[in-house]
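In: One predicted model, sequence on top.
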Amino acid sequence: MASAAAAKRLEGKTILVTGASSGIGWSTVKEFARTSPKNLKIIATARRVDRLEQLAKEVREEVGDGVKVLPVALDVSNPEAVKNFVPALPEEFREIDVLVNNAGLVKGVAQAPNIAEEDMNIMFSTNVTGLINMTQAILPIFKKRDQGGRGDIINIGSIAGRDPYAGGSIYCATKAAVRAFTDALRKELIATRIRVIEIDPGQVETEFSIVRYYGDKAKADAVYAGVDPLIGDDIAEVIVFAATRPENVVIADTLVFPSHQAAAGVLHRRST
């Protein structure tokens, strides 16, 4: 159960979560709503607006009308769509306080020189350019506030950005870029009250592997055979915890593993 202090720190705020149609993003919207159910606005974005509408319905059924969820179709890999995002929001949702840059994906397990150009492009345009463009779209809102600016930028990275592995070179490179951008941004904003936070999950069972294997569920299921991976709720709890610390506390850098994992490629699988 969320603490009263955490709920109070979120009260009246507007949260933006990208990639909210499944997995970590879906869970994050729900965890914010559960933590502060009386006075909160959440903008949930993804490409699949039908999923976002279902999410909004489930939040309303669970916590009532104290949380307003606004579903917005958005492909963060489209720079023009990101540029037009804030001006198109209803007025009451424009004063964003927390940005959760969660949208991201992986495609394939090919190794050089056989990596498809299309896969490279979509991973970089979503995981790197999309995240940076979203940050630049929201930062002006944060920076106009007092004391040089205030707000939270929470970037969802990956163990892959710290510990590259064979068959994931492009994905790992994108997450390393997110890590470098996050670290530099924190230094650039040091004179403000804007918190820059990175959360790096290890193995999490979401639609991640289904996307990696182009919809092949059997291959995706094999990734999690014999292990007990994290789920979206586990990471969502960490995200909301970071966002609800006192304003002078920055959970700058967090690595979250399931108990069977010690590095990107170091996992213990139960014998079957």
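Out: Yep, that arrived. Numbers count the residues shown, from 1 in each chain.

In: worst-scoring helix or strand of the chain, pLDDT-wise?
Out: Sorting the helices and strands of the chain by mean pLDDT, DSSP states H and E puts helix 208-212 at the bottom, at a mean of 71.

In: helix or strand right after that one?
Out: Once helix 208-212 ends, the next helix or strand along the chain (criterion: DSSP states H and E) is helix 217-223.

In: Can you list the helices and strands that that following helix packs against?
Out: helix 208-212 (3 or more Cβ pairs under 8 Å, 6 or more residues apart in numbering; DSSP states H and E). For every residue, glycine as well, the C-beta is placed using N, CA and C.

In: burial of Pro87, as a residue count?
Out: By the criterion of other Cβ atoms under 10 Å, Pro87 has 8 neighbours.

In: which SS state does it fall under?
Out: helix (DSSP: H, G, I helix; E, B strand; the rest coil).

In: residues contacting Ala137?
Out: If you count contacts by Cβ atoms under 8 Å, 6 or more residues apart in numbering, Ala137 has them with 82-83, 85-86.

In: and of those, the nearest to Ile170?
Out: Using Cβ to Cβ, Val82 is the member of these that sits closest to Ile170, with 21.4 Å.

In: who touches the closest one in this structure?
Out: Here Val82 is in contact with 74, 76, 130, 133-134, 137 (Cβ under 8 Å, 6+ apart).

In: From those residues, which land in helices?
Out: Members of the contacts of Val82 lying in helices (criterion: DSSP state H): 133-134, 137.

In: Would you format those as TSV with distance to Gly108 and pLDDT included?
Out: Shown next, in TSV, are the ones in helices among the contacts of Val82 (distance: Cβ to Cβ, whole Å; pLDDT from 0 to 100):
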residue	distance to Gly108	pLDDT
Asn133	24	98
Met134	24	98
Ala137	29	98
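
In: now, which of those residues sits nearest Ala222?
Out: Ala222 lies nearest to Met134 out of the ones in helices among the contacts of Val82, by Cβ to Cβ, at 32.9 Å.

In: which stretches of the stretch 101-250 of the chain have low pLDDT?
Out: Across the stretch 101-250 of the chain, the ranges flagged by pLDDT under 70 are 207-209, 213, 216, 220.

In: Select the longest helix from the chain.
Out: The chain, longest helix under DSSP H: helix 169-188.

In: and the helix or strand just after that helix, what does it pack onto?
Out: The first helix or strand that comes after helix 169-188 along the chain, using DSSP H and E, is strand 193-201. Judged by 3+ Cβ pairs under 8 Å, 6+ apart, the packing partners of strand 193-201 are helix 131-143, strand 150-156, helix 169-188, helix 232-243, strand 253-256.

In: which of those is buried the deepest?
Out: strand 150-156 (a mean of 23; mean count of other Cβ atoms under 10 Å).

In: relative to helix 169-188, how tilted is it?
Out: 160 degrees (axes from the mean of the first three to the mean of the last three Cα atoms, to 10 degrees).

In: Could you number the chain from 178 rather than 1 from now on?
Out: Sounds good: first residue 178 from here, last item strand 327-333.

In: what's strand 327-333 packed up against?
Out: Against strand 327-333 (3+ Cβ pairs under 8 Å, 6+ apart) you get strand 275-278, helix 308-320, helix 346-365, strand 370-378, helix 409-420.

In: go with 7 Å
Out: Using 3 or more Cβ pairs under 7 Å, 6 or more residues apart in numbering; DSSP states H and E as the contact test, the elements touching strand 327-333 are strand 275-278, helix 308-320, strand 370-378, helix 409-420.

In: tilt between that strand and strand 370-378?
Out: Orientation check (the same axes, to 10 degrees): strand 327-333 against strand 370-378 gives 10 degrees.

In: what's the nearest residue to Tyr348 if we skip its chain neighbours?
Out: The shortest distance from Tyr348 to any non-neighbouring residue, by Cβ to Cβ, 6 or more residues apart in numbering, is to Val283 (4.3 Å).

In: go on, Gly285?
Out: Asp296 (5.0 Å).

In: Now name the helix or strand holding that neighbour.
Out: helix 294-301.
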